[in-house]
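**Q** Okay, predicted coordinates and the sequence, questions at the end:
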Amino acid sequence: TGNQWGYGKDDGPSAWNKNYPVADGDRQSPIDILPHQARHDPNLGPIVLNYDRCTSINIANNGHSVVVEFEDSDDRSVIQGGPLDNPYRLKQFHFHWGGKGCHGSEHTVEGNSYASELHLVHWNAVKFKTFGEAASAPDGLAVLGIFRSDEHRWLHMITDALYTVKFKGSVTDFKGFNPKCLLPSSLHYWTYLGSLTTPPLHESVTWIVVKEPMIVSEKQLGKFRTLVFTGEEEDERTRMENNFRPPQLLKGRTVRSSN
Ligand SMILES: Cc1ccn(O)c(=O)c1
Ligand SMILES: [Zn+2]
């Protein structure tokens with residue numbers, strides 16, 4: 001009904017263009033990254049993350065993923081540098097993952113998927129007044145994508161909280177979590193202009209995909225699969241997994257690489 005979408009056979013990525021024609025647009029995400037065809041750009045400086053004063057608020061199951069929201073009423077936690085012309089405020093982070101052990105990342109590298117992908121979503125509060133306004137503007141969002149391949153010491157803080165958000169619509173407090181602990185040591189990256197990977201698929205994202213994957217264990221990934229897409233009040237329990245969109249056409253875009 002209406003703008004209802006999901007990852008199933010009938011409401012999944014191949015059906016999204018019915019309600020969201022931009023799905024067939026010229027800067028859609030994710031993409032398959034070909035490192036040897038990425039243009040090394042010496043002008044691309046390092047990514048700078050100022051998360052030390054970030055304020056996490058809650059963790060929620062929104063029926064598509066598990067999301068940790070942050071206080072974004074000021075510039076307390078921002079990403080800047082790299083391809084970005086100004087600081088972008090951290091709004092939320094969430095994950096995409098696969099079924100039992102198989103692929104699950106959204107971006108792929110030379111056709112290879114990782115088990116999962118973390119997205120840290122930021123918005124351009126210099127140019128726009130609200131996240132909603134930024135989300136539909138070409139330079140409105142910056143999403144940091146981090147591949148997740150096998151045991152991560154800090155991830156237990158997330159996986160230990162997942163049982164509290166098993167059902168769609170559940171929200172619990174999640175304070176004092178700094179997502180910097182989820183990042184790999186080196187922040188070398190690929191960057192390109194793309195879109196949200198879920199409806200409404202706005203072509204508003206400057207993607208910054210970190211090359212080095214973070215390590216999570218199969219056990220930890222298994223805990224993400226204890227979540228369900230459906231609400232507690234619904235009778236069926238549809239396990240939350242394979243909530244990723246496959247790679248989209250590059251359509252002439254250039255992918256740049258930091259050093
Ligand atoms: C804003 C937004 C919404 C969904 N997803 O998957 C994203 O990566 C970013
Ligand atoms: Zn995402």
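**A** Looks like it arrived, so ask away. Ligands and ions are numbered 1, 2, ... in the order given.
**Q** Could you use CA atoms for every contact and neighbour count after this?
**A** Fine.
**Q** Isn't residue 242 up against residue 95?
**A** No. Counting by C-alpha atoms under 8 Å, residue 242 sits too far from residue 95 to count as a contact (10.7 Å).
**Q** Determine the number of other residues adjacent to the nearest residue to residue 46 once chain neighbours are set aside.
**A** Leaving aside its chain neighbours, residue 46 sits nearest to residue 82 (5.1 Å; criterion: C-alpha to C-alpha, 6 or more residues apart in numbering). The number of residues packed near residue 82 is 19, by other C-alpha atoms under 10 Å.
**Q** Run through the residues that contact residue 82.
**A** Neighbouring residues of residue 82 by C-alpha atoms under 8 Å, 6 or more residues apart in numbering: 44-48, 258.
**Q** can you pull out the strands in the stretch 51-200 of the chain?
**A** Ranges of strands in the stretch 51-200 of the chain, per DSSP state E, counting those that start in this stretch, are 56-61, 66-70, 78-81, 88-97, 108-109, 116-123, 141-148, 171-173, 189-194.
**Q** Just name the most buried of those strands.
**A** strand 141-148 (a mean of 27; mean count of other C-alpha atoms under 10 Å).
**Q** Not counting that one itself, show me its contacts.
**A** Under C-alpha under 8 Å, 6+ apart, the answer for strand 141-148 is 88, 105, 114-124, 134-135, 183, 204-216.
**Q** can you do 6 Å?
**A** Strand 141-148 is contacted from outside by 116-123, 204-210, 213-215, using C-alpha atoms under 6 Å, 6 or more residues apart in numbering.
**Q** what's the angle from it to strand 116-123?
**A** 160 degrees (axes from the mean of the first three to the mean of the last three C-alpha atoms, to 10 degrees).
**Q** Sheet-wise, list the partners of strand 141-148 with their directions.
**A** Strand 141-148 has the following strand partners under DSSP bridges: strand 116-123 (antiparallel), strand 205-214 (parallel).
**Q** got the CA positions of the shortest one in CSV?
**A** What follows is the C-alpha trace of strand 116-123 in CSV, where atoms were taken according to Å, rounded to 0.1, in the frame of the first residue of the first chain:
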residue,chain,number,x,y,z
SER,A,116,27.6,-6.2,6.3
GLU,A,117,28.0,-2.4,5.9
LEU,A,118,27.7,0.4,8.5
HIS,A,119,26.4,3.7,7.3
LEU,A,120,27.1,6.9,9.4
VAL,A,121,24.6,9.5,8.0
HIS,A,122,25.5,13.2,8.2
TRP,A,123,23.7,16.4,6.9
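**Q** and that strand, anywhere near ligand 1?
**A** Yes. Strand 116-123 reaches ligand 1 (C-alpha under 6 Å from any ligand atom) through 119, 121.
**Q** same question, the last one
**A** No. Applying C-alpha under 6 Å from any ligand atom, one finds strand 205-214 out of contact with ligand 1, separated by at least 8.3 Å.
**Q** just to revisit the earlier point, mind putting the strands of the stretch 51-200 of the chain in JSON lines, distance to residue 33 and mean pLDDT included?
**A** Formatted as JSON lines, those follow (distance: least, C-alpha to C-alpha, whole Å; pLDDT from 0 to 100):
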{"stretch": "strand 56-61", "distance to residue 33": "29", "mean pLDDT": "97"}
{"stretch": "strand 66-70", "distance to residue 33": "25", "mean pLDDT": "97"}
{"stretch": "strand 78-81", "distance to residue 33": "21", "mean pLDDT": "98"}
{"stretch": "strand 88-97", "distance to residue 33": "17", "mean pLDDT": "97"}
{"stretch": "strand 108-109", "distance to residue 33": "5", "mean pLDDT": "94"}
{"stretch": "strand 116-123", "distance to residue 33": "14", "mean pLDDT": "96"}
{"stretch": "strand 141-148", "distance to residue 33": "12", "mean pLDDT": "95"}
{"stretch": "strand 171-173", "distance to residue 33": "34", "mean pLDDT": "96"}
{"stretch": "strand 189-194", "distance to residue 33": "8", "mean pLDDT": "98"}
